[in-house]
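S.K.: quick one: sequence plus predicted model below, questions after.
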Amino acid sequence: MLLCIDVGNTQIHGGVYEGDDLKFQFRKNTSTGLSSDELGIFFRSVLKENGYEHTLISSVAICSVVPHMEYSLNNACLRYFTDDVLLIKTGVKTGLRIKYLNPAEVGSDRVVNAVAARKLFPNQNILVVDFGTATTIDAISKEGDYLGGAIFGGAKLMISALDSKTARLPSVEIVKPDRACGVTTAQSIQSGIFWSTLGGVKELNNQITKEQFEGETPLIIGTGGVGRLFEESGLFDHYIPDLVLYGLKEIHSKNREALK
């Protein structure tokens, strides 16, 4: 079985595959102070709670945007599971041609999402919109080129900034508002966050489509927890919350095959 771990700035998102079957998923708040033992014990407990022994894990695939956690994560997996641990970084086989000026700058989660999208929808131009701590938009050509994309603050980050950097604006729940013109401060914040995110993504999608795909409409895939708010907005063609886990499985498979 393959343990897949995606470490984001806010949450650790994980899942366990048996072949192509995703058996279960789990989430944990990201904390850079966690030791390798704390992480290993947590992962083992999640497996046990879902009815699996830790000895069933034969491989681990990890992508992380939190560099300070990578050492502890790698040691946790080596000590508590297996020595077959793949950390996604520059040099790992992905099947994509990275067109960034400095490929090492591309977040591993963005690359993993792109690999998953191309595997699920081959020979298509694709935009992947990931609603995480940051909202990212990534462009992948039908030829398999990772073309780049855009990054801006995510919904949770906007709420945190308003709460911490203003004297009177409260922290609010992230919801789809009933109306654009709020009649309370909370409603006004919720409206601003929802509609600015929706409008920003739409405009960026339009501009990237013009620049990179000569106006040819790409397939748009949404992912990330906050993306559920926009499922009924017509913003994407498919919403795949576990896209990054699928991508980790595919990259692990590509690198295993390369070693044979």
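M.R.: Nice, thanks for sending it over. Numbering: from 1, shown residues only.

S.K.: how about Ile93, secondary structure?
M.R.: Slight slip there: residue 93 is Lys, not Ile. The three-state assignment at Lys93 reads coil, by DSSP: H, G, I helix; E, B strand; the rest coil.

S.K.: that one and Ile251 touch, don't they?
M.R.: Yes. Between Lys93 and Ile251 a contact is recorded at 7.4 Å, counting by C-beta atoms under 8 Å. In this view, the C-beta of every residue, glycine as well, is placed from N, C-alpha and C.

S.K.: so which of the two has more stuff around it?
M.R.: Using other C-beta atoms under 10 Å, the more surrounded residue of Lys93 and Ile251 is Ile251, with 26 against 15.

S.K.: so the more buried one is in which element?
M.R.: If you go by DSSP states H and E, Ile251 is part of helix 243-259.

S.K.: what residues of that helix count as buried?
M.R.: Buried residues in helix 243-259, defined by neighbour count with 16 or more other C-beta atoms under 10 Å: Leu243, Val244, Leu245, Tyr246, Gly247, Leu248, Lys249, Glu250, Ile251, His252, Ser253, Lys254.

S.K.: which strands and helices lie in contact with that helix?
M.R.: Other elements packing on helix 243-259 under the criterion 3 or more C-beta pairs under 8 Å, 6 or more residues apart in numbering; DSSP states H and E are strand 2-7, strand 11-18, strand 21-29, strand 59-64, strand 85-87, helix 108-120, strand 126-131, strand 219-223.

S.K.: let's have these in JSON lines, adding mean pLDDT, distance to Leu39 and mean neighbour count.
M.R.: Below are the helices and strands packed on helix 243-259 laid out as JSON lines (pLDDT from 0 to 100; distance: least, C-beta to C-beta, whole Å; neighbours: other C-beta atoms under 10 Å):
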{"stretch": "strand 2-7", "mean pLDDT": "96", "distance to Leu39": "9", "mean neighbour count": "25"}
{"stretch": "strand 11-18", "mean pLDDT": "95", "distance to Leu39": "9", "mean neighbour count": "20"}
{"stretch": "strand 21-29", "mean pLDDT": "94", "distance to Leu39": "9", "mean neighbour count": "14"}
{"stretch": "strand 59-64", "mean pLDDT": "96", "distance to Leu39": "11", "mean neighbour count": "25"}
{"stretch": "strand 85-87", "mean pLDDT": "95", "distance to Leu39": "12", "mean neighbour count": "19"}
{"stretch": "helix 108-120", "mean pLDDT": "97", "distance to Leu39": "18", "mean neighbour count": "24"}
{"stretch": "strand 126-131", "mean pLDDT": "97", "distance to Leu39": "23", "mean neighbour count": "26"}
{"stretch": "strand 219-223", "mean pLDDT": "97", "distance to Leu39": "24", "mean neighbour count": "23"}
